[in-house]
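Q: I would like the atomic coordinates for the input below:
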Amino acid sequence: MPELEIACDESGFSGSNLLDPAAPVITHASVDLSVAEAAEVMTSVGSRTTSEYKSNRLLRPEQRPALGRFLAALDGRAHVHVIDKRLYVATRVLELFTGEPSYGDGTRLGRAQLKRLEGGASVEVLRSRTELLDSFLVLARTKRLRMLDHDAIDRFFALLPSELPIELPRSRVEETLLRLIEDDPAIPPPLEPLVPALAETALYWSAGERSVAIVHDEQSALTRHRVARLARYLAAAVVPAPPPLAGLRQVDSRQDPRVQVADLLAGVARRAAEVPGLAKILRPECRGLIGDSDVAGKAT
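A: This is a model prediction of the structure:
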């Protein structure tokens with residue numbers, strides 16, 4: 001099958017503060033639309049200027065008809081990948097410190113490996129331990145470090161629950177942190193969920209049958225080298241199927257209506273995931289688009 005080009009954007013990314021209670025999920029939306037089709041969708045919701053039309057406007061009660069038209073236009077043409085940040089962090093603790101870190105971490109490929117190592121049970125133990133997860137975030141912020149922070153490592157191990165089914169050797173933790181401090185390019189950035197979100201999006205649209213080119217809103221996490229490594233990892237993981245990720249091109253969202261549509265969809269999906277009762281209103285209109293989307297971070 002021919003290569004497919006899709007457009008993507010996210011909502012809810014809060015930098016390395018992944019446990020911000022005000023933003024518990026990240027949504028990564030992707031759409032399979034032409035530029036002309038996307039422009040027509042944006043016009044249908046009342047966007048007639050070059051300024052960005054955000055999802056909070058589309059979610060106003062008086063905008064329900066426009067919201068319905070918007071979602072109906074995307075039926076079968078869009079996908080949303082939802083990341084529960086707390087589950088994501090708990091999973092990354094295990095992926096980073098129990099095996100060789102890889103660009104499959106944070107994706108369905110990494111979760112399959114964790115499942116074989118009792119990862120599901122371990123994630124459930126860790127997910128509610130806010131102090132422990134906070135201490136991991138401190139460990140993983142190595143950008144300005146030149147040596148190991150032994151006090152931070154001590155705190156992390158002091159907070160590890162005794163009932164954790166998987167052993168986390170201190171030597172492995174220190175070795176991995178040193179590699180992060182030295183900026184080992186083989187280790188994906190542990191606090192950048194957009195990297196595995198990109199992988200999941202490419203895997204979804206490729207469906208084992210074709211390669212996917214992605215147009216994305218500008219994101220500093222999606223560097224050329226990281227994307228290249230991710231593409232190589234995915235290609236090796238799905239052989240003999242076509243390589244899922246054919247390339248990434250970053251654009252100013254204001255200049256590409258396809259990315260604007262993805263941005264709106266990501267915002268709507270995030271609010272549906274976060275606000276009690278809103279999903280019940282949206283789900284019938286979404287026709288499964290949001291309600292049945294992926295949820296990342298689980299080891300199952």
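Q: which intervals of the stretch 101-250 of the chain have sub-threshold pLDDT?
A: For the stretch 101-250 of the chain, applying pLDDT under 70 flags the ranges 111-120.
Q: which residue ranges form the helices in it?
A: Under the criterion DSSP state H, counting those that start in this stretch, the stretch 101-250 of the chain carries helices at the ranges 108-116, 119-126, 130-140, 150-159, 170-181, 194-206, 224-238.
Q: next up, phi/psi of the residue lying closest to A273 once chain neighbours are set aside, please.
A: Closest residue in space to A273, ignoring its immediate chain neighbours: V25 at 4.9 Å, by C-beta to C-beta, 6 or more residues apart in numbering. For the C-beta atoms, the positions are set from N, CA and C on the backbone; glycine is no exception. For V25, the backbone dihedrals (degrees, to the nearest 10) come out as phi -130, psi 160.
Q: so what's V25 bridging to?
A: Beta bridges link V25 to D84 when assigned by DSSP bridges.
Q: for it, what are its contacts?
A: With contacts defined as C-beta atoms under 8 Å, 6 or more residues apart in numbering, the neighbours of V25 are 12, 82-85, 270, 273-274.
Q: among these, who's most crowded?
A: Comparing these on neighbour count, I83 comes out first with 27 neighbours (neighbours: other C-beta atoms under 10 Å).
Q: so how far is L59 from that one?
A: 20 Å (C-beta to C-beta, to the nearest Å).
Q: and if you look at A213?
A: 31 Å.
Q: of these two, who's got more company?
A: L59 (19 against 15).
Q: which helix or strand contains the closest residue to the more buried one other than its chain neighbours?
A: Distance criterion C-beta to C-beta, 6+ apart; nearest residue to L59, sequence neighbours excluded, is R271 at 5.8 Å. Following DSSP states H and E, one finds R271 within helix 257-274.
Q: in that helix, what's buried?
A: Neighbour-count burial for helix 257-274 flags 257-273 (criterion: 16 or more other C-beta atoms under 10 Å).
Q: which helices and strands sit right next to it?
A: Contact analysis of helix 257-274 by 3 or more C-beta pairs under 8 Å, 6 or more residues apart in numbering; DSSP states H and E lists strand 4-11, strand 25-31, helix 35-44, helix 55-58, helix 64-73, strand 78-84, strand 212-217, helix 278-286 as its packing neighbours.
Q: export the first one as PDB, just CAs?
A: Extracted in PDB, the C-alpha atoms of strand 4-11 (Å, rounded to 0.1, in the frame of the first residue of the first chain):
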ATOM      1  CA  LEU A   4       0.200   7.600   4.200                       C
ATOM      2  CA  GLU A   5       0.700  11.100   5.600                       C
ATOM      3  CA  ILE A   6      -1.100  12.000   8.800                       C
ATOM      4  CA  ALA A   7      -1.100  15.200  11.000                       C
ATOM      5  CA  CYS A   8      -0.700  15.200  14.700                       C
ATOM      6  CA  ASP A   9      -0.900  17.400  17.800                       C
ATOM      7  CA  GLU A  10      -1.100  17.000  21.600                       C
ATOM      8  CA  SER A  11      -2.900  18.400  24.500                       C
END
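Q: now do it and helix 257-274, the angle between them.
A: Counting by axes from the mean of the first three to the mean of the last three C-alpha atoms, to 10 degrees, strand 4-11 lies at 50 degrees to helix 257-274.
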